[in-house]
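Participant: I'll drop the sequence and a predicted model, then ask my questions.
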Amino acid sequence: MADQPLIFARDLVKRFGDFTAVDGIDLEVAPGEAFGFLGPNGAGKSSTMRMIGCVSVPTSGELRILGMDPVRDGTAIRARLGVCPQLDNLDPDLTVRENLTTYARYFGLSRSESHRRADELLEFVRLSDRAKGKVEPLSGGMKRRLTIARALVNEPDLVLLDEPTTGLDPQARHLLWERLFRLKQRGTTLVLTTHYMDEAEQLCDRLVVMDGGKIIAEGSPRSLIETYSTAEVVELRFPDGLDFNADYAAKLAGVGERIDPLPDRVLVYADDGDAALAEVHRRGLTPSTVLVRRSTLEDVFLQLTGRTLVD
Amino acid sequence: MTAGTLHPTLAVLNRQLTLYRRLWQASIFSSFVLPVLFLISIGIGVGRYVGSVEGVDYLSWIVPGVLASTAFQIALGESTYAVLGDFKYVRAYHAMRATPVRPVDMVCGHLLYLVLRAEAAVLAFLVVVVFFGGLHSPWSLATPVVCGLLIAATAAPVTAFAARIDHDSYFSLLFRLVMIPSTLFAGVFFPVEQLPAVVRPLAYASPMWHGVEMCRAATLGRATAWPLAVHVGYLLVWAVGGVALAVLAFRRRLED
């Protein structure tokens, strides 16, 4: 039982009428893992999450959650999941604390136990001073932290986070990441979707890249970068680049491992960015701005699909 | 079930009661004050000109009608915007769906809450009526039971309706075509027999008339118009059928 995967999927498909949202994916998530679905909007991430959360019935394929069948044992599975949905669904007329206590009772917890856990979780997400306040005046980041606290109220074996930081400002995102990282350190199994590269790199031990309902790559953030990109990337912007980036790319042939002309800039993939940049200058090219940076999952996605991730 | 754990239906009830603790002020007038105003204005004011109906003073005659219509209006009114809002804006039912709470718990928790809420108004009204001398039989003690049945028979199908629609403009149809006509013509203020024979079946079709009829039999200590089992059975059909329809509607709305 100990090494049984918490999530097991084989050839999982979800169709809505003629539209295939999830097109035959295989998955295994082990206890204690922080697992991510990375992909653009419409890639099938949320549909997959809803099937895992036992609120959406798979069209075909095999799916086991915590070793159980999500259609037959949905209620028993949901009792052990913590779900942070993409859209906030907090009760605006209840206080912050009441949002946790009423939700705790959906899991059958006693009044005293639900109060104990609410106070403990408000402490964890740093909202204790807002406990008696209404939900409405909370900032987006605070509401999301409260939703995460709510997802933890039943001490779940598996926490599902659907785009946990979408729409939050950078400061709120970092505080949220820090809290999620704390959870991960406690050994809580996290499954999250995101279209932010940095989020996936910060939080995930392992991730799958999804596009058009399919899994197009899988691995740790580091191994994906090593497989599909180079150690470093040089970003070059030319003053007349909007019209001539393709020409510049031709002039850069042979610099680094690979050249990728985008509408607004040219990317040079190289294991040694500074050496590649020296070669650019040696060829007499004069970009208006230059950035040598570490390769990211964004580059992996670009390499895999030919498109940028957040459009 | 181990000690201290809560059935999911009661957990839904707990949420509604917690919400009501925050919002009760808004309902004081319509639930507790308005029925008494009706009693004074129509029962005493209009009653002075009417004299007696079916052998009792007019005030005593309309007490059971106002009682049942109070329960009916709370049941109907609280199953409209509140239910649609919890699907569309608050998404409270979506939040519950991610937990062990099932659609049947959501529906039954909501109905239990409405029964408790409307019964509070019913009991308060009964206490006031005692001082007006409006109760004439110990059977009056049975009126809360009748009202409970009427609440379920009304709230369950309306809840199913609210869970099916996508826009609140349908509610004004419900108010105009069901609530107002039932209040005016289903035996609250005058006997249904006064209506032309062709429209009487509409009054008989309304759950309200059956509730009013049973409440009136109880407070005046007389027999019901139709056999008691028919009145009870008719309301039970609405209640049970309504719950079934509501559970189906919730399930459909929450599935994707």
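Facilitator: The structure has been received and is ready for your questions.
Participant: C-alpha only now, for contacts and for neighbours.
Facilitator: Fine.
Participant: what does the pLDDT read for the residue nearest the centre of chain A?
Facilitator: Central residue of chain A (Cα atoms, centre = their mean): A:Thr194, 2.6 Å from the mean position. pLDDT recorded at A:Thr194 is 86.
Participant: what's it sitting at in phi/psi?
Facilitator: phi -160, psi 150 (degrees, to the nearest 10).
Participant: which SS class is A:Val22?
Facilitator: Classification of A:Val22 by DSSP: H, G, I helix; E, B strand; the rest coil places it in strand.
Participant: and if you look at A:Thr166?
Facilitator: coil.
Participant: check the gap between the residue nearest to the centre of chain A and A:Phe35 for me.
Facilitator: With distances taken as Cα to Cα, to the nearest Å, A:Thr194 is found 11 Å from A:Phe35.
Participant: quick check: mean pLDDT across the helix or strand that contains A:Tyr269?
Facilitator: With elements taken from DSSP states H and E, the one containing A:Tyr269 is strand A:266-270. In this model, strand A:266-270 carries a mean pLDDT of 91.
Participant: beyond that strand, next helix or strand please.
Facilitator: Sequence order places helix A:273-282 as the next helix or strand after strand A:266-270, per DSSP H and E.
Participant: now for that following helix, which elements pack on it?
Facilitator: If you count contacts as 3 or more Cα pairs under 8 Å, 6 or more residues apart in numbering or on different chains; DSSP states H and E, helix A:273-282 packs onto strand A:232-237, strand A:289-294.
Participant: tell me which residues are up against the first one.
Facilitator: Contacts to strand A:232-237, defined as Cα atoms under 8 Å, 6 or more residues apart in numbering or on different chains, come from residues A:264-273, A:276-277, A:287-295.
Participant: circling back to that earlier point, quick one: the strand holding A:Tyr269 to strand A:289-294, angle?
Facilitator: 40 degrees (axes from the mean of the first three to the mean of the last three Cα atoms, to 10 degrees).
Participant: which other residues reach strand A:266-270?
Facilitator: Outside strand A:266-270, the residues within contact range by Cα under 8 Å, 6+ apart are A:229-237, A:245, A:248-249, A:255-261, A:276.
Participant: for the closest residue to chain A within the stretch 51-200 of chain B, give me its contacts.
Facilitator: Closest residue of the stretch 51-200 of chain B to chain A, Cα to the nearest Cα: B:Pro100 (4.8 Å). Counting by Cα under 8 Å, 6+ apart, B:Pro100 touches A:75-76, A:78-79, A:106-107, B:8.
Participant: quick check: residues of chain A near chain B?
Facilitator: Among all residues of chain A, those adjacent to chain B (criterion: Cα under 8 Å from any Cα of the partner chain) are A:53-57, A:75-76, A:78-79, A:81, A:83, A:89-94, A:98, A:102-103, A:105-111.
Participant: and B:Leu126, what helix or strand is that in?
Facilitator: Assigned by DSSP H and E, B:Leu126 falls within helix B:103-131.
Participant: what's the answer for A:Val209, then?
Facilitator: strand A:206-211.
Participant: and B:Glu213, how far from A:Leu192?
Facilitator: 58 Å.
Participant: show me where chain B has strands.
Facilitator: B:52-53, B:56-57 (DSSP state E).
Participant: partners of the first one in the sheet?
Facilitator: For strand B:52-53, sheet partners with direction are given as strand B:56-57 (antiparallel), following DSSP bridges.
Participant: low-confidence ranges, chain B, go.
Facilitator: The model of chain B has pLDDT under 70 over residues B:1-4.
Participant: around chain A, pick out the residues from it.
Facilitator: So chain B meets chain A at B:4-8, B:11-12, B:14-15, B:18-19, B:22, B:90-92, B:94-102, B:254-256 (Cα under 8 Å from any Cα).
Participant: picking that back up, for the contacts of B:Pro100, which one is nearest B:Ala162?
Facilitator: B:Pro8 (21.8 Å; Cα to Cα).
Participant: quick check on A:Thr75: phi, psi?
Facilitator: The phi and psi values for A:Thr75, taken as degrees, to the nearest 10, are phi -60, psi -40.
Participant: name the residues of stretch B:201-216 that are buried.
Facilitator: B:203-204, B:206-216 (16 or more other Cα atoms under 10 Å in any protein chain shown).
Participant: please disregard the earlier target; I meant stretch A:31-44.
Facilitator: A:31-41, A:43-44.
Participant: and the strand holding A:Val209, how far from the chain's centre?
Facilitator: 9 Å (Cα atoms, centre = their mean, to the nearest Å).
Participant: wait, what's in contact with the residue in the stretch 151-256 of chain B that chain A sits nearest to?
Facilitator: Shortest the stretch 151-256 of chain B-to-chain A distance, computed as Cα to the nearest Cα: residue-wise this is B:Asp256, at 5.2 Å. Contact analysis of B:Asp256 by Cα under 8 Å, 6+ apart lists A:55-57.
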